[in-house]
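Enquirer: Predicted coordinates and the sequence they were generated for:
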Amino acid sequence: MASVVVCPASKAHYFESFDAYQFEKPHSCPVVPANFDAEGNPHSLTNLSFNDLDRMSNTSHKLARGRKTVAPQWALNDASLRTVLVAFWERRAHIRTSGSERERLMAAHAKMLTTIPDLLARLRVLSHDFVSCPDPVRKTLLVNQIRNLDSQVLNIRRGPALTLAILTFYYRLALDSVGVAETLHVSSTHVRQQLHRMKLVAARLERGEPVQKVNEAPPKPPETAEERAKRRDLSARRRKLKEKIARGERKLEKLRVGHDAALKVVEVRARKLYEQRLCKAEAARNAALSRVTELAESVLEHAQTVSVFA
């Protein structure tokens, strides 16, 4: 059998920048132990001391290092966060109730849930208009309105839990608006709007101002069938008027094009007539010059004949 010989460790070379035996013996100034027992006594050491910091690389990690502002204190305190969340939903529902924070939040959410049938009715009307509309420009506008109403219905159904999740993921977990939107399956624009509105509510609470404006308009009542018919009639009239204006603009454009073409034709004809008259005048001038030349030659010949007979 082959024998195995264990060689002793050689001395450190001059080019080694570290101590190969720095962790061989425990140091005199250990750091806080890694593990404790049930009574609080340490039972395992890390064999590291503060003297090892000189031979280690230190790195620091900043939470949300890409942001220009730090997280507000009300977003990191549970009590303040509950107060701001309740005030935000009361402002959104346009109500002022009394009771505990839980009861007030549930009342505001219940009030917002009552607006869903009206939103769904408007969503059905817009969807019908989108299907029957031939205008691509109006279809683009209808797509944006339908998307906004659909997002509004879904967010109201999810309730204050969605707002709380946005605040938690953004301020406490340091995700950006895109990361929060991907996690909660919402749009990043909605995340930024929610954060901005929550900041405004928190600022009003800190200044002692009422969360709801005194002159704030009350929520609109549900739309009746007669009002819906009037709105559809007005929309149809407005659409017809826009079509008439578009037809008039197209006719005016055709007239402009025809006018420009007629001007070009007149210009070409005038140029041709001018060239023809110029050619005729040149021909008449050449004919007159030739006649004068002939007369001069005949007079000269006659004079020479007279001088010979004389």
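Expert: Looks like it arrived, so ask away.

Enquirer: Would you confirm that Thr97 contacts Val86?
Expert: No: using Cβ atoms under 8 Å, Thr97 is not in contact with Val86; the gap is 9.6 Å. (C-beta placed from N, C-alpha, C; glycine too.)

Enquirer: Name the residues contacting each of the two.
Expert: 104, 108 (Cβ atoms under 8 Å, 6 or more residues apart in numbering).

Enquirer: ok, these two, which is more surrounded?
Expert: Val86 (23 against 14; other Cβ atoms under 10 Å).

Enquirer: which element is the more buried one on?
Expert: Taking DSSP states H and E as the criterion, Val86 maps to helix 78-93.

Enquirer: any residues touching that helix, and which ones?
Expert: Here helix 78-93 has contacts from 73-75, 96-97, 101, 104-105, 107-109, 111-112, 160, 163-164, 167, 197-198, 201-202, 204-205, 211-212, using Cβ under 8 Å, 6+ apart.

Enquirer: Now, of the residues you listed, which are buried?
Expert: Using 16 or more other Cβ atoms under 10 Å as the burial test, the contacts of helix 78-93 include 74-75, 104-105, 107-109, 111-112, 160, 163, 167, 198, 201-202, 204-205, 211-212 as buried.

Enquirer: Gly248: which element?
Expert: Short version: Gly248 belongs to helix 225-309, going by DSSP H and E.

Enquirer: pLDDT weak spots in this structure?
Expert: Counting by pLDDT under 70, the chain contains low-confidence residues at 1-2, 9-50, 53, 60-65, 212-220, 308-310.

Enquirer: That one - how does it break down into domains?
Expert: 73-237, 244-293 (automatic domain parsing).

Enquirer: mind checking which of those domains is nearest Val6?
Expert: domain 73-237 (51.4 Å; Cβ to Cβ).

Enquirer: Now find how far off-centre the closest one is within its chain.
Expert: 19 Å (Cα atoms, centre = their mean, to the nearest Å).

Enquirer: swap in stretch 66-79?
Expert: On Cα atoms, centre = their mean, the centre of stretch 66-79 falls 25 Å from that of its chain.

Enquirer: before we move on, the earlier item: residues of the helix holding Val86 that come out buried?
Expert: Counting neighbours by 16+ other Cβ under 10 Å, helix 78-93 gives 80-93 as buried.

Enquirer: Give me the contacts around the next helix-or-strand element following that helix.
Expert: As assigned by DSSP H and E, the chain's next helix or strand after helix 78-93 is helix 101-113. For helix 101-113, contacts defined as Cβ under 8 Å, 6+ apart pick out 82-83, 85-86, 89-90, 92-95, 97-99, 156-157, 159-160.

Enquirer: Quick one: list the elements packing against the next helix or strand after helix 101-113.
Expert: As assigned by DSSP H and E, the chain's next helix or strand after helix 101-113 is helix 116-132. For helix 116-132, the packing partners by 3 or more Cβ pairs under 8 Å, 6 or more residues apart in numbering; DSSP states H and E come out as helix 136-158, helix 225-309.
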